[in-house]
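Student: Sequence and computational prediction follow.
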Amino acid sequence: MRSQLLDDVRRFIRRERLLEPQEPLHVAVSGGIDSMVLLHVMRSLGHPCSVLHVDHGLRDAESEADRDFVEAHCRQEGIPFKWKRVDAAAFARANARSIQMAARDLRYAFFAEAWQERSHRVALAHHADDSVETLLMHLMRGVGIDGWSTIPPVSGIHVRPLLAVDRSAISAYALENGIRYREDSSNTENKYLRNRVRQELLPLMEAMRPGARRAMSRAVKLLRELERAGEAVRSVESLGLSASHELIIPFAAIENSPTPTVLLHHMLRHIGFHPDALERLHDAVLERRTGAEFIAGGWRAVIDRERVIVGPAHADHLAFTIDRHQAAGAFGGFRWSFSEDGPFAVPDSMDEALLDADHLDFPIEMRPWRSGDRMRPIGLGGTKLISDILIDAKVPRTRKDMAYVLVSGGEIAWLVGHRIGEGFQATEATTFSLRIRRD
């Protein structure tokens, strides 16, 4: 059965560039639900894992039972296991640290030792709710911009693949996969600020505003990138509207940016793209899903071959006719004129056509192309679907919808911007010409 949590973690690893496929790693496992799920997830994703466990010497028999539980699990599953006992309380007294910070320092020192032995990065089980709790704690304590990002996906040798998912998803995954774990009694003690934020503040906020936890989790993602945004966002200011009134965002601008989420928000949020849609768009870029479309606020973003093209969701397609008796005219972004004076200068672009007016069946019609339209391009020796011509020309989907054809007596004389129909082009023998161009 396909797991949504596995899919979310896999995308997060790719998006944040946490690990290479099948990269070996250490997994820090306490025996609690978060770390036991992390170990199961990383192995399910194909990463060879070894387990690191620290006994902080704070809960006596309970700590020993945690170690025995994790060691037994590793033995059963054939997972390399390494552990260390430390005295967090003594370290805290000697270094004027809180118990929690002392335990963290000793734990990370053990992880560094493991890294020096095998050079495998260490996966930690922090998840999305941990990030929200940390942000609230930082805000209550009063921090600057460095505290906004809360828990980073990568810090030194440490990676945190579960930041993509929340506590409820982890609990559901453990239940679905029959993952056994141990409860840490210290998680219920109200003497720790984090526990009070988790057990009192967050439930209150969720009751006051359902969905608050999810909204804050989404905000954490943005704040995480704001910390390193700076020049990264300003560097894309020049990627504005092109001559065709479309916004062009090269894949490279997204993938090379240290702040891709902030970049996409900066460029597209103001025209109606929801953060969830921008996340899906980012995934589509990374997965090269050419042709994928995202529509919001009257705009459409299309994944092209090497770029994202953003334009109006519904272009105003105009159709009009040209009569032989009009000396010149302009309409719908086109200009035309007739001439009896030769020789005729051949246009240097397919955005302009020079046609033999005596070979045209007036009135001729300029209209958007339709499915099933065919033409006989010069030199082909047969007919070809307009759709195939546009595909061969690598025309982005946003521009395909805006392609025009000039129709004479049911035949296509000109596919604007691309091909002239056989028999309609002006030649040295032409005495009466039609010159038409797109502005």
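Tutor: On my side now, so go ahead.
Student: Count residues in the vicinity of A174, would you?
Tutor: Neighbour count of A174, defined by other Cβ atoms under 10 Å: 18. C-beta: built from backbone N, CA, C; applies to glycine.
Student: That one contacts D34, correct?
Tutor: No: the pair A174 / D34 is not scored as a contact, 9.2 Å apart, by Cβ atoms under 8 Å.
Student: who's in contact with the longest helix anywhere in the chain?
Tutor: Of all the elements of type helix in the chain, the one with the most residues (DSSP state H) is helix 99-118. Contacts to helix 99-118, defined as Cβ atoms under 8 Å, 6 or more residues apart in numbering, come from residues 24, 26, 28, 50, 52, 54, 56, 58, 82, 84, 86, 88-89, 91-92, 95, 97, 120-122, 157-158, 192.
Student: now that helix, how far from the centre of its chain.
Tutor: From the chain centre to the centre of helix 99-118 is a distance of 33 Å (Cα atoms, centre = their mean, to the nearest Å).
Student: Look at the residue most central in space within the chain and give its secondary structure.
Tutor: Closest residue to the average C-alpha location of the chain: H282 at 1.4 Å, with Cα atoms, centre = their mean. Under DSSP: H, G, I helix; E, B strand; the rest coil, the three-state class of H282 is helix.
Student: again, but for R300
Tutor: The assignment at R300 comes out as strand when based on three-state DSSP.
Student: if I look at it, how far off is G417?
Tutor: R300 sits 20 Å away from G417, going by Cβ to Cβ, to the nearest Å.
Student: For I271, give me its contacts.
Tutor: Taking Cβ under 8 Å, 6+ apart as the definition of contact, the neighbours of I271 are A296, G297, G298, W299, V310.
Student: Now render those as JSON lines, adding distance to A112.
Tutor: Listed next are those as JSON lines, based on distance: Cβ to Cβ, whole Å:
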{"residue": "A296", "distance to A112": "46"}
{"residue": "G297", "distance to A112": "49"}
{"residue": "G298", "distance to A112": "53"}
{"residue": "W299", "distance to A112": "49"}
{"residue": "V310", "distance to A112": "46"}
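Student: okay if I get those residues as CSV plus distance to S44 and neighbour count?
Tutor: Conversion of the contacts of I271 to CSV gives the following (distance: Cβ to Cβ, whole Å; neighbours: other Cβ atoms under 10 Å):
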residue, distance to S44, neighbour count
A296, 34, 18
G297, 38, 13
G298, 42, 10
W299, 38, 17
V310, 37, 23
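Student: Show me which of those is closest to D439.
Tutor: Of all those, V310 has the smallest distance to D439: 21.8 Å, by Cβ to Cβ.
Student: Please name the bridge partners of the closest one.
Tutor: Using DSSP bridges, the bridge partners assigned to V310 are L247, A301.
Student: From W299, how far out is it?
Tutor: Distance of V310 to W299, given as Cβ to Cβ: 6 Å.
Student: hey, what's in contact with both of those two?
Tutor: Both V310 and W299 are contacted by L268, I271, under the criterion Cβ under 8 Å, 6+ apart.
Student: can you count the residues close to Q199?
Tutor: Going by other Cβ under 10 Å, the residues that sit close to Q199 add up to 13.
Student: Start from the N-terminal end of the stretch 101-250 of the chain and give the strands.
Tutor: Secondary structure of the stretch 101-250 of the chain (DSSP state E, counting those that start in this stretch): strands at 121-123, 154-155, 158-159, 247-250.
Student: Could you export the ones you listed as JSON lines, including mean pLDDT, distance to L135 and mean neighbour count?
Tutor: Converted to JSON lines, those look like this (pLDDT from 0 to 100; distance: least, Cβ to Cβ, whole Å; neighbours: other Cβ atoms under 10 Å):
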{"stretch": "strand 121-123", "mean pLDDT": "96", "distance to L135": "22", "mean neighbour count": "23"}
{"stretch": "strand 154-155", "mean pLDDT": "91", "distance to L135": "16", "mean neighbour count": "12"}
{"stretch": "strand 158-159", "mean pLDDT": "96", "distance to L135": "19", "mean neighbour count": "20"}
{"stretch": "strand 247-250", "mean pLDDT": "88", "distance to L135": "29", "mean neighbour count": "18"}
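Student: Just put the ones you listed in JSON lines and tack on distance to V346.
Tutor: As requested, the strands of the stretch 101-250 of the chain are exported to JSON lines (distance: least, Cβ to Cβ, whole Å):
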{"stretch": "strand 121-123", "distance to V346": "63"}
{"stretch": "strand 154-155", "distance to V346": "58"}
{"stretch": "strand 158-159", "distance to V346": "61"}
{"stretch": "strand 247-250", "distance to V346": "30"}
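Student: Burial check on the residue lying closest to F91 once chain neighbours are set aside, number of neighbours?
Tutor: Closest residue to F91 in three dimensions, ignoring its sequence neighbours and counting by Cβ to Cβ, 6 or more residues apart in numbering: A102, at 4.5 Å. Around A102 sit 23 other residues, with neighbours defined as other Cβ under 10 Å.
Student: So V416 is in contact with R438, correct?
Tutor: Yes: with contact defined as Cβ under 8 Å, V416 and R438 form a contacting pair (5.8 Å).
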